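Enquirer: Would you be able to build a 3D model of this:
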Amino acid sequence: MHPILLSLVTYLPLGGVLAIMLTRGTTEAVETSARWVALWTSAIVFVLSLVMWAQFDPTHAGVQFEQRASWASAFGVSYHAGVDGISLMFVLLSTFLTPLAIIGGWKLVNTRVRDYMVAMLLLETTLIGLFSALDLVLFYVFYEATLLPGSLMIGVWGGPKRVWASLQFFLFTFGGSLFMLVALLVMWNVAGTTDIPTLQHTTFSHAMQGWLLAGFILAFGVKLPLFPLHAWLPDAYTEAPTPASVMLSGVLSKAGAYGLLRFGVLMFPDAARVFAPYVLTLGVVAVIYAAIIALAQTDMKRVIAYSSFSHMGVIAIGLFTLTPEGIDGAIFQMLSHGIVIAALFFCVSAVSWRAETREISAFAGVAHKMPVLATLTMLFVMANIGLPGTGAFVGELLVMVGAIHVSFWLAFLGGSSMILGAVYMLVLYRRVMFGQAAGGMVALLRDLTGPELAVLVPLAVVTLWMGIHPGTFLRVFNPTVTSLVQPAPVVASDSVAPVVRTAAG
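Expert: Numbers count the residues shown, from 1 in each chain. Next comes the predicted model:
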């Protein structure tokens with residue numbers, strides 16, 4: 001293993017930022033250079049992350065590609081980074097979606113292109129740094145740093161309500177992270193260090209574990225988002241330009257789930273058992289509530305946004321079953337959801353960019369004019385529903401296996417995401433793609449271009465790959481999960497079932 005490989009993957013995008021900022025010439029020349037520099041930089045980073053994957057030893061459950069450097073050693077704070085089987089998968093997800101998002105925004109973003117490409121590369125660095133951080137202060141710095149490029153991409157290049165959407169995104173996330181900062185300070189005061197592996201082996205009192213976990217749930221529940229901390233999501237996902245929506249829903253929301261796993265389930269297992277009934281209930285509520293709201297939407301992008309929120313409920317259920325199967329399923333669902341939701345946003349963009357509207361009522365018979373798009377969209381719709389043969393099926397199945405150990409009703413209500421998802425996604429697909437071909441703008445539509453295929457085809461390949469050969473991914477993070485999760489039953493079914501029944505009404 002090359003010890004410098006992780007640093008290259010993390011900070012090479014900053015080299016791309018510097019190259020873009022130093023570009024001089026006419027506006028058109030600078031914009032063209034910015035696009036190509038961003039694309040090549042992100043492509044090289046993706047290749048390097050594949051090298052990391054190839055060199056990663058899945059039989060070793062510990063941290064690999066580890067790096068340490070003195071930072072504020074007098075206060076127990078250091079630069080400590082590395083990846084285990086869990087974090088490596090999210091690094092790969094970040095590096096895979098970034099070049100696709102850059103290609104997807106090639107024509108969509110035509111104002112302040114240089115600034116946009118800088119923001120995209122900065123977001124990539126902060127996400128990789130976040131997932132590979134092994135010091136809590138370092139994690140907090142990267143976590144907060146994602147706010148800047150994320151909110152700027154919404155506020156500068158978004159839709160008509162972009163300023164309000166950006167403000168909501170910033171305030172919700174920043175406000176939630178204050179609870180993490182307080183928890184961080186308490187843990188440092190007790191342990192004298194912010195090193196995450198050390199903190200995992202530090203004994204905290206049961207009462208303190210409860211307060212610390214509550215702080216982390218509030219912090220990461222906003223980013224996930226967890227019901228009822230989701231108010232920022234519909235506007236942010238809808239108003240953001242499509243490539244930004246892809247990064248927000250495909251990767252940035254996973255930072256919340258990753259934080260809940262890393263600093264909740266794995267660090268405070270005793271407190272997690274106490275909180276599990278409540279989080280499981282909120283997960284079930286999110287699944288059902290978001291699905292109902294999605295069915296009532298008239299904007300295609302808002303349907304996909306609420307679909308994402310519904311699937312986040314499934315992920316929360318998987319994490320707080322506190323079983324290896326449930327957590328494996330939650331991680332697999334996070335990865336699969338990141339791919340599928342990105343593809344769905346790109347599919348919506350392909351139609352709305354041509355027609356200059358996202359209103360469902362404006363479309364009918366699009367499949368007659370865009371058969372390739374219709375075929376690919378059908379694949380991603382089926383994947384979003386959880387059809388066997390796609391990655392989402394594997395993730396949801398494992399989550400249900402974990403949930404059945406806790407409560408039959410939890411598994412039943414959580415699994416309703418498949419049925420409810422089929423309703424609103426197939427209704428959307430039928431209304432837009434089928435029916436009598438509409439005149440006007442639909443008659444002028446043309447099928448996918450080369451760059452659009454370059455984005456959607458890799459996403460389709462990975463979606464099928466995850467469904468047909470899930471062991472490729474499971475073998476990487478399952479040993480880590482198994483080694484970190486205690487195999488004992490986590491929550492008695494008698495204590496969870498009434499809570500879930502209450503949530504179901």
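Enquirer: residue ranges with poor pLDDT in the chain?
Expert: Low-confidence segments of the chain (pLDDT under 70): 1-2, 435-444, 486-505.
Enquirer: Can you give the strand pairings for the top strand by length along the chain, parallel or anti for each?
Expert: In the chain, with assignment by DSSP state E, the single longest strand is strand 64-72. Counting by DSSP bridges, the strands paired with strand 64-72 are strand 77-83 (antiparallel).
Enquirer: where's the partner strand relative to the chain centroid, distance-wise?
Expert: Its chain's C-alpha centre and that of strand 77-83 lie 22 Å apart, by Cα atoms, centre = their mean, to the nearest Å.
Enquirer: got it, and stretch 199-206?
Expert: 28 Å.
Enquirer: And the longest strand of the chain, what's buried?
Expert: 64-67, 71 (16 or more other Cβ atoms under 10 Å). C-beta coordinates here come from the backbone N, C-alpha and C atoms, glycine included.
Enquirer: could you redo those residues as CSV and give each row distance to residue 405?
Expert: CSV is the format used below for those (distance: Cβ to Cβ, whole Å):
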residue, distance to residue 405
64, 30
65, 34
66, 34
67, 38
71, 42
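Enquirer: Looking at those, spot the one nearest residue 453.
Expert: Distance to residue 453 across these (Cβ to Cβ) is lowest for residue 65, with 33.8 Å.
Enquirer: residues in contact with the longest strand of the chain?
Expert: The contact list for strand 64-72, computed with Cβ atoms under 8 Å, 6 or more residues apart in numbering, reads 1, 3, 5-7, 52, 56-57, 77-84, 88, 132, 134-135, 137-138.
Enquirer: Show me which of those are buried.
Expert: 5-6, 52, 56, 77-78, 80-84, 88, 132, 134-135, 137-138.
Enquirer: Correct me if wrong, but residue 109 is in a helix.
Expert: No: per DSSP: H, G, I helix; E, B strand; the rest coil, residue 109 lies outside any helix segment and is coil.
Enquirer: Apart from its chain neighbours, what residue comes closest to it?
Expert: Distances taken as Cβ to Cβ, 6 or more residues apart in numbering put residue 116 closest to residue 109, at 5.0 Å, once the chain neighbours are dropped.
Enquirer: Quick one: the helices in the stretch 251-400 of the chain, in order.
Expert: Ranges of helices in the stretch 251-400 of the chain, per DSSP state H, counting those that start in this stretch, are 253-260, 269-295, 300-320, 324-355, 366-369, 371-385, 391-404.
Enquirer: can you redo these as JSON lines with distance to residue 421 and mean neighbour count?
Expert: What follows is the helices of the stretch 251-400 of the chain, written out as JSON lines (distance: least, Cβ to Cβ, whole Å; neighbours: other Cβ atoms under 10 Å):
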{"stretch": "helix 253-260", "distance to residue 421": "17", "mean neighbour count": "25"}
{"stretch": "helix 269-295", "distance to residue 421": "7", "mean neighbour count": "21"}
{"stretch": "helix 300-320", "distance to residue 421": "7", "mean neighbour count": "28"}
{"stretch": "helix 324-355", "distance to residue 421": "11", "mean neighbour count": "25"}
{"stretch": "helix 366-369", "distance to residue 421": "21", "mean neighbour count": "20"}
{"stretch": "helix 371-385", "distance to residue 421": "5", "mean neighbour count": "21"}
{"stretch": "helix 391-404", "distance to residue 421": "9", "mean neighbour count": "25"}
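Enquirer: rewinding a little: which residues sit in contact with the residue nearest to residue 109?
Expert: 34, 105, 109, 153, 156-157.
Enquirer: What about residue 156, how many residues nearby?
Expert: By other Cβ atoms under 10 Å, the residues close to residue 156 number 18.
Enquirer: Residue 83 versus the residue nearest to residue 15 when sequence neighbours are not counted, what's the distance?
Expert: Closest residue in space to residue 15, ignoring its immediate chain neighbours: residue 41 at 6.9 Å, by Cβ to Cβ, 6+ apart. Counting by Cβ to Cβ, to the nearest Å, the separation of residue 41 from residue 83 is 20 Å.
Enquirer: unless I'm mixing things up, the residue nearest to residue 15 is touching residue 12, no?
Expert: Yes: the criterion here is Cβ atoms under 8 Å, and residue 41 meets it with residue 12 at 6.4 Å.
Enquirer: between these two, which one's more packed in?
Expert: Each of residue 41 and residue 12 has its neighbours counted (other Cβ under 10 Å); residue 41 has more, 25 against 19.
Enquirer: Let me know the angle separating the helix or strand hosting that one from strand 64-72.
Expert: Here residue 41, judged by DSSP states H and E, is contained in helix 27-55. Per axes from the mean of the first three to the mean of the last three Cα atoms, to 10 degrees, the angle that helix 27-55 makes with strand 64-72 is 120 degrees.
Enquirer: elements contacting helix 27-55?
Expert: Packing partners of helix 27-55 (3 or more Cβ pairs under 8 Å, 6 or more residues apart in numbering; DSSP states H and E): helix 5-21, helix 85-104, helix 113-132.
Enquirer: make it 10 Å
Expert: Other helices and strands packing on helix 27-55, by 3 or more Cβ pairs under 10 Å, 6 or more residues apart in numbering; DSSP states H and E, are helix 5-21, strand 64-72, strand 77-83, helix 85-104, helix 113-132.
Enquirer: and residue 20, what does it touch?
Expert: 30, 33-38, 41, 113-115, 117-118, 121 (Cβ atoms under 10 Å, 6 or more residues apart in numbering).
Enquirer: which of those residues count as buried?
Expert: So, of those, 33-35, 37-38, 41, 113-115, 117-118, 121 end up buried under the neighbour-count rule (16+ other Cβ under 10 Å).
Enquirer: Of the residues you listed, just say which sits nearest to residue 360.
Expert: residue 113 (30.5 Å).
Enquirer: hang on, that closest one packs against residue 37?
Expert: No: the pair residue 113 / residue 37 is not scored as a contact, 11.2 Å apart, by Cβ atoms under 10 Å.
Enquirer: one step back: just flag the most distant two among the buried residues of strand 64-72.
Expert: Maximum pairwise distance in those, criterion Cβ to Cβ, is 21.2 Å, between 64 and 71.
Enquirer: one step back: what is the nearest of the contacts of residue 116 to residue 142?
Expert: So of these, ranked by how close each gets to residue 142 (Cβ to Cβ), first place is residue 153, at 17.1 Å.
Enquirer: count of neighbours near the closest residue to the closest one other than its chain neighbours?
Expert: The shortest distance from residue 153 to any non-neighbouring residue, by Cβ to Cβ, 6+ apart, is to residue 244 (3.9 Å). Using other Cβ under 10 Å, residue 244 has 31 other residues around it.
Enquirer: and the host helix or strand of residue 244, what does it pack onto?
Expert: With elements taken from DSSP H and E, the one containing residue 244 is helix 242-247. With contacts defined as 3+ Cβ pairs under 10 Å, 6+ apart, helix 242-247 has these neighbours: helix 85-104, helix 113-132, helix 147-157, helix 233-239, helix 300-320, helix 324-355, helix 450-468.
Enquirer: will you turn those into JSON lines that also has distance to residue 248?
Expert: Converted to JSON lines, those look like this (distance: least, Cβ to Cβ, whole Å):
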{"stretch": "helix 85-104", "distance to residue 248": "10"}
{"stretch": "helix 113-132", "distance to residue 248": "9"}
{"stretch": "helix 147-157", "distance to residue 248": "6"}
{"stretch": "helix 233-239", "distance to residue 248": "6"}
{"stretch": "helix 300-320", "distance to residue 248": "9"}
{"stretch": "helix 324-355", "distance to residue 248": "9"}
{"stretch": "helix 450-468", "distance to residue 248": "16"}
